[in-house]
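Peer 1: How does the following fold in three dimensions:
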Amino acid sequence: MPTAPTAPIEWFKAARFGLFVHFGLYSLAARHEWVRSREAMSQQAYDRYLERFDPDLFDAGKLARAAREAGMRYAVLTAKHHDGFCLFDSALTDYTSTKAAGRDLVAEFAEAMRAEGLRVGLYYSLLDWHHPGFPVDRHHPLRGTDAEREPRDLAGYRDYLHAQVRELLTGYGRIDDLFFDFTYPGMGPAEWGAEELLRMVRDLQPGIVVNDRLGIPGDYVTPEQYQPDEPLERDGVPVMWEACHTLNGSWGYDRDNHDYKDPALLVRMLVQSVACGGNMLLNVGPTGRGALDPRARDTLAAIGEWMEPHARSVRGAGPSANRAPANSLYTQAGNRLYLHLLAWPLKHIHLPGLAGRVRYAQFLHDGSEIRFRQLDGTQHEHNNLAPPGRSADTLTLTVPVGRPDVLLPVIELFLDEPEEPNEPGESGGEA
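Peer 2: Model prediction:
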């Protein structure tokens, strides 16, 4: 069981990799989580999914084990998405999984994640297309209909929003991460009562981390479906961030969308996140019955096979001040520098600035030694290991011609320097 952190953001930084789970009525439609808005469905039309909602294959224990085995150390479930359907037992509405199917899926999720040692996160949509007080705006399924002219009680909806967040943060034990979604023109901090809401969240769960989608600063920023290739800053100050990504472009189950990212690409994206000081939150969308589809299961398993021997280059690691050579990424934890090889070289890898600073090198997947030497590029080398002009502070590694059979080869370099954490809270590998 994870213990409460001294500073909440430090467990988040150390974990680096989490699971996002989008599940709800839209999973039965199997045409994207925005299906009601995209197809401008009436509530009556959308309720055909409510009548058939039966998550008989939703097994939170299996989901938690799949996340842990994939190397993830936290998970975030959609407690309520934009359609307003709640996966928890709410005293404020009957539009819940408890009423529809007799199951509080948030409770099941939280218990299962904790049992596997994972931190518990919840997603809560600030939008609500089911609530009569929510404005019919450009995202609402009823836009363009007479409903646009009906008066809406936004203040009443705001009270509902705050009360539901209170339910989630008082009824399910410790919640480690709260992912709000989302602010847009016309619906922003004033409409959400964001300052008051965030104060309440921190009062109820002092150890929680909160994202930035209330429209006011949170603990981390949330690039979505794009991958930063450098550390993120605000006013010149580095900020913590988490890139959230889908497997195939859809967050909810989308049966006919086969545009999947392969596991090797996802591993590279994860490492790039860590190398740039961020996390990656990888999404799965269970089927209408609540199970992971085979492609999602296989992808998580493949990532887990890579993570098992390579986890310490990710969890507990962060950016390095050293300059990585072409076609590679560095992460670092204390005096251990991790070289991730995006392309396989022919026999030699030249590492600028590391001559005289490395006492040992090995492949991380099997612990086999990598031999190295310092070569002076100002001198002629008959074996061409040090092309003319290469700086004298370059360290040259000698690697086999054959590429290791792993999704992304990693070389662990033990620096001949004092052992110091790369960043506060990042020296340990487990979240």
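
Peer 1: how close does residue 141 get to residue 25?
Peer 2: Note on residue 141: its distance to residue 25, by C-beta to C-beta, to the nearest Å, is 13 Å. Yep, even glycine has a C-beta here, placed from its N, CA and C like the rest.

Peer 1: what is in contact with the two at once?
Peer 2: The contact sets of residue 141 and residue 25 overlap at residue 46 (C-beta atoms under 8 Å, 6 or more residues apart in numbering).

Peer 1: okay, and for the stretch 251-400 of the chain, where does confidence drop off?
Peer 2: Residue ranges of the stretch 251-400 of the chain with pLDDT under 70: 376-389.

Peer 1: rerun at 80
Peer 2: Low-confidence segments of the stretch 251-400 of the chain (pLDDT under 80): 375-390.

Peer 1: Distance from the chain centre to stretch 397-411, please.
Peer 2: 27 Å (C-alpha atoms, centre = their mean, to the nearest Å).

Peer 1: Could I get the full set of strands for the stretch 201-350 of the chain?
Peer 2: For the stretch 201-350 of the chain, the strands defined by DSSP state E, counting those that start in this stretch cover 209-210, 233-234, 237-238, 241-245, 278-284, 328-333, 336-341, 348-351.

Peer 1: Pull up the pairing partners for the second one, direction included.
Peer 2: Pointing back at strand 233-234 there. Its sheet considered, strand 233-234 pairs with strand 237-238 (antiparallel) by DSSP bridges.

Peer 1: Using TSV, lay out the strands of the stretch 201-350 of the chain together with distance to residue 17.
Peer 2: Formatted as TSV, the strands of the stretch 201-350 of the chain follow (distance: least, C-beta to C-beta, whole Å):
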stretch	distance to residue 17
strand 209-210	15
strand 233-234	22
strand 237-238	20
strand 241-245	10
strand 278-284	6
strand 328-333	12
strand 336-341	14
strand 348-351	26
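
Peer 1: of all those strands, which lies closest to residue 181?
Peer 2: Nearest to residue 181 among those is strand 241-245 (9.8 Å), distances taken as C-beta to C-beta.

Peer 1: returning to that earlier point: mean neighbour count and distance to residue 160 added to the strands of the stretch 201-350 of the chain, as a markdown table?
Peer 2: Compiled in a markdown table, the strands of the stretch 201-350 of the chain are given as follows (neighbours: other C-beta atoms under 10 Å; distance: least, C-beta to C-beta, whole Å):
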| stretch | mean neighbour count | distance to residue 160 |
| --- | --- | --- |
| strand 209-210 | 24 | 19 |
| strand 233-234 | 10 | 32 |
| strand 237-238 | 10 | 36 |
| strand 241-245 | 23 | 26 |
| strand 278-284 | 24 | 27 |
| strand 328-333 | 24 | 43 |
| strand 336-341 | 23 | 47 |
| strand 348-351 | 20 | 57 |
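
Peer 1: nearest to residue 39, of these?
Peer 2: Once the strands of the stretch 201-350 of the chain are compared by C-beta to C-beta, strand 278-284 is nearest, at 21.7 Å.

Peer 1: correct me, but residue 122 touches residue 74?
Peer 2: No. Proximity of residue 122 to residue 74 does not meet the contact threshold set by C-beta atoms under 8 Å, at 11.1 Å.

Peer 1: can you count the residues close to residue 88?
Peer 2: Number of residues near residue 88 (other C-beta atoms under 10 Å) recorded here: 23.

Peer 1: I meant to write residue 166 there.
Peer 2: By other C-beta under 10 Å, the residues close to residue 166 number 15.

Peer 1: Could you check which helix or strand contains it?
Peer 2: Here residue 166, judged by DSSP states H and E, is contained in helix 154-170.

Peer 1: again, but for residue 49
Peer 2: helix 43-52.

Peer 1: Could I get the buried residue list for the helix or strand that that helix is followed by?
Peer 2: Beyond helix 43-52 on the C-terminal side, the first helix or strand identified by DSSP H and E is helix 60-69. Judged by neighbour count using 16 or more other C-beta atoms under 10 Å, the buried positions of helix 60-69 are 60, 63, 64, 66, 67, 68, 69.

Peer 1: of those, closest to residue 21?
Peer 2: Closest to residue 21, out of all of the buried residues of helix 60-69 and judged by C-beta to C-beta, is residue 63, at 6.9 Å.

Peer 1: So that closest one sits against residue 21, correct?
Peer 2: Yes. Between residue 63 and residue 21 there is a contact at 6.9 Å, judged by C-beta under 8 Å.

Peer 1: where do the contact lists of these two overlap?
Peer 2: 75, 109, 286.

Peer 1: how about the closest residue to residue 34 other than its chain neighbours, phi and psi?
Peer 2: Among residues not flanking residue 34 along the chain, residue 82 sits closest, at 7.2 Å (C-beta to C-beta, 6 or more residues apart in numbering). Backbone torsions of residue 82, given as degrees, to the nearest 10, read phi -60, psi -20.

Peer 1: Renumber starting at 55 from here on
Peer 2: With 55 as the first residue, the last one maps to residue 136.

Peer 1: Thought residue 185 was touching residue 136, still the case?
Peer 2: No. Residue 136 is beyond contact range of residue 185, at 10.8 Å (criterion: C-beta under 8 Å).

Peer 1: Those two: which has the busier surroundings?
Peer 2: Legend: neighbour count by other C-beta under 10 Å for residue 136 and residue 185, higher for residue 136 (24 against 18).

Peer 1: What's the separation between the more buried one and residue 311?
Peer 2: In this view, residue 136 and residue 311 are 19 Å apart by C-beta to C-beta.

Peer 1: now swap in residue 374 and tell me
Peer 2: Counting by C-beta to C-beta, the separation of residue 374 from residue 311 is 37 Å.

Peer 1: Which one's more surrounded, residue 195 and residue 79?
Peer 2: A direct count of neighbours by other C-beta under 10 Å for residue 195 and residue 79 places residue 79 higher, at 27 against 24.

Peer 1: so how far is residue 155 from that one?
Peer 2: 11 Å.

Peer 1: Now the common contact residues for these two.
Peer 2: With contacts taken as C-beta under 8 Å, 6+ apart, the residues that reach both residue 79 and residue 155 are residue 107.

Peer 1: Report the separation between the residue nearest in space to the middle of the chain and residue 463.
Peer 2: Compute the mean C-alpha point of the chain, and by C-alpha atoms, centre = their mean the closest residue is residue 335, 1.1 Å away. Remark: distance between residue 335 and residue 463 (C-beta to C-beta) = 25 Å.
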